[in-house]
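Participant: sequence unavailable; structure follows:
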Ligand SMILES: Nc1nc2c(ncn2[C@@H]2O[C@H](COP(=O)(O)OP(=O)(O)OP(=O)(O)O)[C@@H](O)[C@H]2O)c(=O)[nH]1
């Protein structure tokens, strides 16, 4: 079970450790996000009894390690120190529909230990299963958990440690949004990517742009404007439509992109905006919403605007290829 401390430009692997009490939802999250399991089918998942590691290839290579809730990882036979030293992010899952005080005690015990061996780690807390809570109760629960964790860190003298909180459920897009933000923190090149995306937005009338991992629908980068969940949903669903239309899935998976033409797809929405998709490197696709007002899609004006976008997106793709080639030598 080896990984690397992240971000580190010389390493290609990022390791995420999923922890939480039994039945908090660790396996379900993994299966839904990375294996496309339907959320309702997680009802039949068996309890995990051994640590599991899964590897995914995306913009960065990602290892996701799940430690079962029942495991006492502080017992002497388990080499937890080596494990904790090697990870980039600890994702701790709290079942918000259950009594969570035990989970918070468990979390602070883990944090106090992990901080000693890996002080640079990102601690990410998922306040999970929020689909069962009312809107008001979600915010109250979040406030309460943040307050208690903050107090605990203060008591431990760890107030400098970065802990982020996310409200999540496998029944909506919140889990993808959370994982997108968690994984982005592990990408060393993120600021450069965001700058390039901002330039594309600026020069091509894009309203929003995402660099998506096609398999998981996690976005590994986006431009600096705020993410609106409806735009995210429209773009994520457009990937599925494109896959259905022309077998993008196979192409993207196999491609080391130099072979053949990349997949491209556009779709005009009723409000005049256009959804735009262009296949990138390493199983990624650039997907965005672009406003091309008052132009008939068969007009010369529309075609010219699209050609310009294609040209600029190809420049972006080339920059991405160069960036990855150079940084992974
Ligand atoms: N309502 C709701 N239920 C969820 C959600 N995520 C997971 N569950 C349910 O929670 C239960 C436990 O999920 P698991 O993924 O098996 O939990 P685990 O943390 O892997 O459990 P162990 O393997 O025992 O450590 C399952 O019945 C899931 O269907 C969610 O977002 N909302």
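Facilitator: All right, it came through fine. Small disclaimer: the values here were computed from a predicted structure and weren't measured.

Participant: and the helices in this protein, which stretches?
Facilitator: 26-35, 80-86, 101-117, 135-156, 174-184, 190-204, 229-246, 248-254, 300-327 (DSSP state H).

Participant: of all the residues in the stretch 101-250 of the chain, which ones are close to the ligand?
Facilitator: Counting by Cβ under 6 Å from any ligand atom, the stretch 101-250 of the chain comes close to the ligand at 128-129, 131-132, 169-171. C-beta here means a position set from N, CA and C on the backbone, and glycine is covered the same way.

Participant: now the helices of the chain as a markdown table including mean neighbour count and mean pLDDT?
Facilitator: Formatted as a markdown table, the helices of the chain follow (neighbours: other Cβ atoms under 10 Å; pLDDT from 0 to 100):
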| stretch | mean neighbour count | mean pLDDT |
| --- | --- | --- |
| helix 26-35 | 20 | 93 |
| helix 80-86 | 17 | 79 |
| helix 101-117 | 17 | 90 |
| helix 135-156 | 14 | 93 |
| helix 174-184 | 21 | 94 |
| helix 190-204 | 16 | 91 |
| helix 229-246 | 16 | 86 |
| helix 248-254 | 17 | 48 |
| helix 300-327 | 15 | 84 |
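
Participant: what would those helices look like in JSON lines with distance to residue 47?
Facilitator: Below are these laid out as JSON lines (distance: least, Cβ to Cβ, whole Å):
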{"stretch": "helix 26-35", "distance to residue 47": "8"}
{"stretch": "helix 80-86", "distance to residue 47": "20"}
{"stretch": "helix 101-117", "distance to residue 47": "16"}
{"stretch": "helix 135-156", "distance to residue 47": "24"}
{"stretch": "helix 174-184", "distance to residue 47": "20"}
{"stretch": "helix 190-204", "distance to residue 47": "36"}
{"stretch": "helix 229-246", "distance to residue 47": "30"}
{"stretch": "helix 248-254", "distance to residue 47": "31"}
{"stretch": "helix 300-327", "distance to residue 47": "39"}
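
Participant: of the residues of the stretch 101-250 of the chain next to the ligand, which is the most crowded?
Facilitator: With neighbours taken as other Cβ atoms under 10 Å, the top of these is residue 128, carrying 27 neighbours.

Participant: how about that residue, what does it touch?
Facilitator: 20, 24-25, 29, 93-96, 168-169 (Cβ atoms under 8 Å, 6 or more residues apart in numbering).

Participant: find the residue closest to residue 204 in space, skipping its chain neighbours.
Facilitator: residue 309 (4.9 Å; Cβ to Cβ, 6 or more residues apart in numbering).

Participant: mind listing what the nearest residue to residue 231 once chain neighbours are set aside touches?
Facilitator: Counting by Cβ to Cβ, 6+ apart, residue 231 lies nearest to residue 208, which is 4.9 Å off, once chain neighbours are set aside. With contact taken as Cβ under 8 Å, 6+ apart, residue 208 is in contact with 201, 222-223, 225, 227-228, 231, 235, 288-289.

Participant: go through these and name the one nearest residue 313.
Facilitator: Distance to residue 313, by Cβ to Cβ, is smallest for residue 288 among the contacts of residue 208, at 9.1 Å.

Participant: so the closest one sits right up against residue 267, yeah?
Facilitator: No: counting by Cβ atoms under 8 Å, residue 288 sits too far from residue 267 to count as a contact (11.9 Å).

Participant: now do the shared contacts for the two.
Facilitator: Contacts common to residue 288 and residue 267, judged by Cβ under 8 Å, 6+ apart, are residue 275.

Participant: which of these two has more residues huddled nearby?
Facilitator: More crowded of residue 288 and residue 267, by other Cβ under 10 Å: residue 288, with 27 against 15.

Participant: so how far is the ligand from the nearest residue to residue 241 once chain neighbours are set aside?
Facilitator: In space, and not counting its chain neighbours, residue 241 is closest to residue 267: 7.2 Å by Cβ to Cβ, 6+ apart. Going from residue 267 to the ligand by Cβ to the nearest ligand atom, to the nearest Å gives 30 Å.

Participant: how about residue 18?
Facilitator: 8 Å.

Participant: mind listing what that residue touches?
Facilitator: Neighbours of residue 18 in contact, by Cβ under 8 Å, 6+ apart: 26, 29-30, 64-67, 91, 93.

Participant: quick check, nearest of those to the ligand?
Facilitator: Lowest distance from the ligand to the contacts of residue 18 (Cβ to the nearest ligand atom) belongs to residue 26, with 3.6 Å.

Participant: the closest one contacts residue 32, doesn't it?
Facilitator: No: the pair residue 26 / residue 32 is not scored as a contact, 11.2 Å apart, by Cβ under 8 Å.

Participant: quick revisit: surely the residue nearest to residue 204 and residue 201 touch.
Facilitator: No: if you go by Cβ under 8 Å, residue 309 and residue 201 don't touch, sitting 11.0 Å apart.

Participant: isn't residue 197 right next to residue 219, touching?
Facilitator: No: at 10.3 Å, residue 197 and residue 219 do not qualify as touching, with contact defined as Cβ under 8 Å.

Participant: since that was my last question, I'll sign off now.
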